[in-house]
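Enquirer: Okay, predicted coordinates and the sequence, questions at the end:
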Amino acid sequence: MQFLKTLFWFLLAVVVVVFALGNWTTVPIHLWAGLIAEINLPLLLIITFLAGLFPTLLYHHAVKWRLRHRLAAAERAVADLRGMATATTTPTTLVIDDGDAASIISHSALPSEA
């Protein structure tokens with residue numbers, strides 16, 4: 001699978017290089033106050049691609065960070081609840097002596113969920 005992934009990225013890089021070499025022309029960009037910037041078309045496309053990718057990547061990482069922290073908080077809450085549940089379910093033993101025979105009854109503080 002790693003080979004296919006490497007092959008894909010290599011072929012994509014080859015396509016980008018062939019496209020860049022085939023379209024190596026200057027493009028005028030009209031800026032404010034009559035300024036004109038001439039830039040190569042492949043460079044302009046890379047800049048616009050990165051201008052769209054960067055905010056999206058920042059948003060993705062922010063969401064991933066927030067969800068990771070929410071999951072950690074939920075896992076801590078579950079661990080705390082499990083700790084409280086095991087602390088309150090200590091088994092108690094009751095010995096009843098009815099004269100002839102002694103009966104031992106085990107009892108849990110919380111009923112089971114079965």
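Expert: Structure's in. What do you need? Numbers count the residues shown, from 1 in each chain.
Enquirer: so how far is residue 44 from the residue nearest to the spatial centre of the chain?
Expert: Geometric centre of the chain, nearest residue: residue 64, 4.2 Å, by Cα atoms, centre = their mean. Here the distance between residue 64 and residue 44 works out to 31 Å (Cβ to Cβ, to the nearest Å). For every residue, glycine as well, the C-beta is placed using N, CA and C.
Enquirer: before we move on, what about residue 68?
Expert: According to Cβ to Cβ, residue 68 stands 36 Å off from residue 44.
Enquirer: picking that back up, the residue nearest to the centre of the chain is in what secondary structure piece?
Expert: helix 41-88 (DSSP states H and E).
Enquirer: What's the mean pLDDT across that helix?
Expert: This predicted structure assigns helix 41-88 an average pLDDT of 92.
Enquirer: What distance do you get for residue 14 to residue 41?
Expert: Taking Cβ to Cβ as the criterion, residue 14 is separated from residue 41 by 18 Å.
Enquirer: same thing with residue 67?
Expert: Computed as Cβ to Cβ, the residue 67 to residue 41 distance reads 39 Å.
Enquirer: same question, residue 73
Expert: With distances defined as Cβ to Cβ, the gap from residue 73 to residue 41 amounts to 49 Å.
Enquirer: Of those two, which one has the most company?
Expert: For residue 73 versus residue 41, the count of surrounding residues by other Cβ atoms under 10 Å is larger for residue 41: 15 against 10.
Enquirer: wait, that one sits on residue 27?
Expert: Yes. Under the criterion of Cβ atoms under 8 Å, residue 41 lies in contact with residue 27, with a separation of 5.1 Å.
Enquirer: thinking again about what came up before, now the residue nearest to the centre of the chain: how far from residue 70?
Expert: With the distance defined as Cβ to Cβ, residue 64 ends up 11 Å from residue 70.
Enquirer: Then residue 14?
Expert: With the distance defined as Cβ to Cβ, residue 14 ends up 42 Å from residue 70.
Enquirer: Same check on residue 32?
Expert: Applying Cβ to Cβ, one obtains 44 Å for the distance of residue 32 from residue 70.
Enquirer: cool, and residue 8?
Expert: Here the distance between residue 8 and residue 70 works out to 33 Å (Cβ to Cβ).
Enquirer: Thanks a lot, catch you later.
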